[in-house]
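>>> Coordinates for the following, if possible.
(one chain, ligands or ions: 1)
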Amino acid sequence: MALAGVRVIELAGLAPAPFCGMILSDFGARVIRVDRTKVTMAMDSLARGKQSVALNLKSPQGVAVLKKLCIQSDIVLEPFRKGVMEKLGLGPEELLKENPRLIYARLTGYGQSGSYAKAAGHDINYLAMSGLLSTLGRSSEKPYAPLNLVADFAGGGLMCAFGIVLALLERSKSGQGQIIDASMVEGAAYVGSFMWKSRSLGLWNRPRGENLLDSGAPFYDTYQTSDGKYMAVGAIEPQFYDQLIQGLGLDAASLPPQMSFSDWPELRRTFARVFAQKRQAEWSRIFDGTDACVTPVLPLDEAGSHPHNRERGSFLRDAQGEVSPRPAPVLSRTPARPCLSRDPVVGEHTRSVLEEYGFDPAHIEQLLSAGVVECNKAKARL
Ligand SMILES: C[C@H](CCC[C@@H](C)[C@H]1CC[C@H]2[C@@H]3[C@H](O)C[C@@H]4C[C@H](O)CC[C@]4(C)[C@H]3C[C@H](O)[C@]12C)C(=O)SCCNC(=O)CCNC(=O)[C@H](O)C(C)(C)COP(=O)(O)OP(=O)(O)OC[C@H]1O[C@@H](n2cnc3c(N)ncnc32)[C@H](O)[C@@H]1OP(=O)(O)O
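Predicted coordinates for the structure are as follows:
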């Protein structure tokens, strides 16, 4: 796999860093997650392929253990507030001095500088600060955050993984590591560059929820079907819009022009009335195989069984029978081979990792008895 041989130390955090770590693991990196001691349940539901070491960083010995792990690793991924690692004596200064090839990824909400740098926050705060949240939501409603997809995952974990791969490529030429300052505000905004750079096209100059792609246009929206499900319509170009009208059995001559903004509310009511007359499966049979850009809105637990997704194997089932998306994108020669076995329990690999990283057995025993590290066994599944 593309990242085979790359060694990552991921410090346990909330959603963004675990997603970054899972991406790296899916594409072949060895990801060791450093968990706190005295916790029973990992908060990481994105732990595929990772190993877990339970380590108390509030002890000087714990800091020394982490240093030794980082010196022998390619990447350290830290999810904490600005300044936390420095307080522990594990800042970039210290670690890069010991390992100049280290790629030190810092995934935060607001970045390593600026007046908000030390403030707590979550996806919705970063999305708000990026400017994008102001554009999300229907005209009659207040702005809403689409789950924690944009800042945590797209602009956070994924953008940080991208930065890590960039730094690995650069290091293959320079031989040097570097620091990655991954701010979720900036990552989200960067993902949303189109919103800023397409304003001259007149795509966003109406109020929120009245534009082409923000639920303003009736031909770019969702509609309820007679069985309470929904169809998604994305028929923007005239040639696709014509096929939408045809599929709905409407007479184009009796409708207002597609881009007549003032007629959009009436056009939406017409579409809603027609979509409500048939079941989702019936509409799928009508529109499948056409360019009308009409697709069923699939629930999470049905997406994997849709014929198209099933043919591609877009979703995987792990050893526990849990379905989740396969890694993307698909590389032809070195595709990801995600681990399908169960997630690690906190501290499950402490001993084996420390032995592998050169800690002698007597030292490991001393660390265990001092509570600096913990070893936990996976509970047999009944
Ligand atoms: C929308 C998302 C948030 C979704 C998260 C949910 C998925 C989870 C939120 C609550 C979880 C549930 C809950 O915990 C209850 C159950 C617990 C059970 O165990 C599991 C099931 C639960 C139901 C659980 C399930 C889920 O996990 C939840 C629902 C986001 O937006 S996430 C993005 C958040 N923002 C960032 O990541 C930006 C950067 N980070 C930060 O700004 C801060 O870390 C943050 C997030 C504001 C938290 O601040 P906090 O003060 O808590 O921490 P820090 O200032 O970063 O300092 C860390 C301190 O911890 C020390 N430390 C770290 N590692 C170790 C170690 N190994 N040993 C010892 N100590 C350690 C470190 O030294 C720092 O100490 P100091 O404060 O003294 O410096």
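>>> can you list contacts of stretch 149-162?
If you take CB atoms under 8 Å, 6 or more residues apart in numbering as the criterion, stretch 149-162 is touched by 14-20, 23-24, 77, 105, 107, 109, 122-124, 126-127, 130, 132, 180, 182, 184-192. For every residue, glycine as well, the C-beta is placed using N, CA and C.
>>> before we move on, what about stretch 12-22?
Under CB under 8 Å, 6+ apart, the answer for stretch 12-22 is 8, 10-11, 31, 33-36, 42-50, 77-80, 105, 107, 123, 148, 152-153, 156-158, 160-161, 164, 184.
>>> Among those, name the ones that also lie close to the ligand.
11, 34, 36, 43, 79-80, 123, 148, 152 (CB under 6 Å from any ligand atom).
>>> Out of these, which sit inside helices?
Those of these mapping onto helices are residue 123, per DSSP state H.
>>> Take the ones next to the ligand among the contacts of stretch 12-22 and write them to a markdown table, including neighbour count and pLDDT.
Below are these laid out as a markdown table (neighbours: other CB atoms under 10 Å; pLDDT from 0 to 100):
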| residue | neighbour count | pLDDT |
| --- | --- | --- |
| 11 | 23 | 98 |
| 34 | 23 | 98 |
| 36 | 17 | 97 |
| 43 | 13 | 83 |
| 79 | 24 | 98 |
| 80 | 16 | 98 |
| 123 | 25 | 98 |
| 148 | 19 | 98 |
| 152 | 28 | 98 |
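>>> Show me the ones next to the ligand among the contacts of stretch 12-22 that map onto strands.
Using DSSP state E, the subset of those located in strands is 11, 34.
>>> Dump the ones next to the ligand among the contacts of stretch 12-22 into a markdown table; add distance to residue 303 as well.
Converted to a markdown table, these look like this (distance: CB to CB, whole Å):
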| residue | distance to residue 303 |
| --- | --- |
| 11 | 32 |
| 34 | 33 |
| 36 | 34 |
| 43 | 25 |
| 79 | 29 |
| 80 | 34 |
| 123 | 22 |
| 148 | 19 |
| 152 | 20 |
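>>> which of the contacts of stretch 149-162 are buried?
15-20, 23-24, 77, 105, 107, 109, 122-124, 126-127, 130, 132, 180, 182, 184-189, 191-192 (16 or more other CB atoms under 10 Å).
>>> And the residue of the stretch 101-250 of the chain closest to the ligand?
Going by CB to the nearest ligand atom, the ligand is nearest to residue 122 of the stretch 101-250 of the chain, at 3.2 Å.
>>> So for that residue, what's the nearest residue that isn't a sequence neighbour?
residue 148 (7.1 Å; CB to CB, 6 or more residues apart in numbering).
>>> quick one, what contacts the one you found?
Counted by CB under 8 Å, 6+ apart, residue 148 has contacts 15, 122-124.
>>> mean confidence for the longest helix belonging to the chain?
Longest helix in the chain, counting residues (DSSP H): helix 159-174. Taken as a whole, helix 159-174 has a mean pLDDT of 98.
>>> From here on, call the first residue 703.
Got it, first residue is 703 now, which makes that one helix 861-876.
>>> and after it, which helix or strand comes next?
strand 880-885 (DSSP states H and E).
>>> where along the stretch 953-1084 of the chain do the strands fall?
996-998, 1017-1019, 1025-1027, 1075-1076 (DSSP state E, counting those that start in this stretch).
>>> With the stretch 803-952 of the chain instead?
Using DSSP E, counting those that start in this stretch, strands in the stretch 803-952 of the chain cover 805-810, 880-885, 922-926, 932-936.
>>> Contacts for the first one, please.
For strand 805-810, contacts defined as CB under 8 Å, 6+ apart pick out 715, 718-719, 722, 776-784, 787, 794, 797-798, 814, 819, 858-859, 862, 865-866, 869-870, 873, 879-886.
>>> would you put the C-alpha positions of it in CSV?
What follows is strand 805-810, C-alpha atoms only, in CSV (Å, rounded to 0.1, in the frame of the first residue of the first chain):
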residue,chain,number,x,y,z
ILE,A,805,6.5,15.3,10.5
TYR,A,806,4.7,17.0,13.4
ALA,A,807,1.0,17.4,12.6
ARG,A,808,-1.0,19.7,14.8
LEU,A,809,-4.7,19.5,14.1
THR,A,810,-6.6,22.3,15.9
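>>> what is the orientation angle of that strand with strand 880-885?
10 degrees (axes from the mean of the first three to the mean of the last three CA atoms, to 10 degrees).
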